[in-house]
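Asks: below are the sequence and a predicted model for it; my questions follow.
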Amino acid sequence: MRGYVPAYEVKSPETLTEALSILQAQPGKWKPLAGGTDLMVLLESGVLENRNLLNLQGLKELTGISVSPAEITIGALSTFRQILEHDLLKTEFPLLAAAARSIGAIAIQNRATIGGNIANASPAADSPPALIAHDAVIELVSSTGSRRLSYAEFHQGYKKTQLATDELIRAIILPRTQADTGSNDFFFYRKVGTRKAQAISKICFAGRFHPCSPGNLRLVFGSVAPTVLRCIQTEAIIQGGGLDLKTIQKAKDSLTRELSPIDDIRSTAEYRLRVSLNLLEDFLILARQKQSHVELGS
Amino acid sequence: MSNSAKITISCRINQRPCSFETYPMTRLIDLIRDDEHFTGTKEGCGEGECGACSVLMNGELVNSCLVPAVQVNGADIITIEGIIRENKFSALQEAFVDFGGVQCGICTPGMVMATVYLLGKNPNPTEAEIREAIAGNICRCTGYTKIFEAIQHACGKLGALQ
């Protein structure tokens, strides 16, 4: 049943400074509201517990995608539409562009923001695996200053993040160093849901491979652990052993140990594990083909 | 439970200036239907899954059930009634009828809005682009093929008119 709409109070600050001072004055009281595509669903089903919302819509400081030689900075209020239509993001950070395109459908992509997707901290969110595979950095801001941390460290457990009660996500920063290695990077993003659009992931996978730089290998899964998970042990097996079938089998054994999928309303642990192993194998076999093309100089 | 204060929201719906005294988390679809009586916009699921409530907000396709009033201030909203007034899309509407793309009719306004949004960005869409454009609109009657064919046919016609 829908929540009681008159009970919800909303503050709409006009500047970031004003928003941050509200958060600092009453820690934990005000829940940020961005595109509303998650919070309005909670309100509709009567489970939006926080009755005090901070409408971020007017905060220009959190908008825009800017490009410098070293990095691309995506303001937290950027919508997935803005992300998936950004030419440079499409070419240099294709995992993120693919994730953006897989979220909901067009009307959702036009409203849903990257900051909201991150702050909501669902283990089934579609953009976090892509962001981790791209070595994203997150910038948090409060009245006392701002800090940057590796996005891979931001999610600490089920719905648990490093965001303090007086902080907002200001931006996601993507380092363009990987662009130096150019066209040889192989990217692979797959979302497996009940249907192609308007589905929440049963499993989501972002993979990145570079034939000449084994250190660039990233294997990141969503929906198979309490939080989005980079599988470092499995990466190490490939980095040490290459892409022959025996090593790929070892990688699959390792992945079985690293993931901790569960049964829930969307899928079962057994299905999630099986599909994750299949996705890993598909990715590694395609990566091997990519590698042999590079070795043949084609 | 105490009520929060009502706020004043000003916006334009189908070119008409509107002003509402309402609660900040009132849904845009309720302003459109209950206050302005533009009942062409339908509510299917109320949670952003079905697309029946699709409208254009500042030119962007949105689910009006997921937009709180507090974020509508100053916005320009176009509903299915606003599309009908522009004769530009009559070929699209006729195609929906001719190809059997309208059956129970609940999804139709949203399907038309999604198509209008697509054609505004891309007057000559491919098959895949049409399918992606309406992927957020659920129909339980037609099996989608009739809707898809209607849009394809209308794209050809609308293209020929330009």
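Replies: Perfect, I can see it now. A quick note: this is a predicted structure, and the numbers were derived from the prediction, not measured.
Asks: distance of the residue in chain A positioned nearest to chain B from A:Asp282?
Replies: Per CB to the nearest CB, A:Ala105 is where chain A lies closest to chain B, at 2.6 Å. Yep, even glycine has a C-beta here, placed from its N, CA and C like the rest. Look at A:Ala105 and A:Asp282: by CB to CB, to the nearest Å, they are 25 Å apart.
Asks: more neighbours: the two, which one.
Replies: A:Ala105 (27 against 14; other CB atoms under 10 Å in any protein chain shown).
Asks: for the more buried one, which non-adjacent residue is spatially closest?
Replies: Of all residues not flanking A:Ala105 in the chain, B:Gly136 sits nearest, at 2.6 Å (CB to CB, 6 or more residues apart in numbering or on different chains).
Asks: just A:Pro69 next, same as before
Replies: A:Arg176 (7.1 Å).
Asks: the one you found and A:Ile72 touch, don't they?
Replies: Yes. If you go by CB atoms under 8 Å, A:Arg176 and A:Ile72 touch, sitting 6.6 Å apart.
Asks: could you tell me which residues touch both of these two?
Replies: By CB atoms under 8 Å, 6 or more residues apart in numbering or on different chains, A:Arg176 and A:Ile72 have these common neighbours: A:Glu92.
Asks: neighbour count: these two, which is higher?
Replies: A:Ile72 (23 against 16).
Asks: which parts of chain B belong to which domain?
Replies: Here the domain parsing of chain B from automatic domain parsing is B:7-82, B:86-161.
Asks: so which elements touch the longest helix belonging to chain A?
Replies: Criterion DSSP state H: the longest helix present in chain A is helix A:269-295. On a contact count with 3 or more CB pairs under 8 Å, 6 or more residues apart in numbering or on different chains; DSSP states H and E, helix A:269-295 meets strand A:186-192, strand A:203-209, strand A:218-222, helix A:245-258.
Asks: what angle do it and strand A:186-192 make?
Replies: Here helix A:269-295 runs at an angle of 160 degrees relative to strand A:186-192 (axes from the mean of the first three to the mean of the last three CA atoms, to 10 degrees).
Asks: pull out the buried residues from helix A:269-295.
Replies: Within helix A:269-295, the residues scored as buried using 16 or more other CB atoms under 10 Å in any protein chain shown are A:272-273, A:275-277, A:279-281, A:283-284, A:287-288, A:290-291.
Asks: how about stretch B:14-29?
Replies: B:Asn14, B:Cys18, B:Phe20, B:Thr22, B:Tyr23, B:Pro24, B:Met25, B:Thr26, B:Arg27, B:Leu28, B:Ile29.
Asks: run a quick neighbour tally on B:Gly156.
Replies: With other CB under 10 Å as criterion, B:Gly156 counts 13.
Asks: so who does it touch?
Replies: Contacts of B:Gly156 (CB under 8 Å, 6+ apart): none.
Asks: so it, which of the three states?
Replies: helix (DSSP: H, G, I helix; E, B strand; the rest coil).
Asks: show me the shaky parts of chain A.
Replies: Within chain A, the set of residues satisfying pLDDT under 70 comprises A:178-183, A:297-298.
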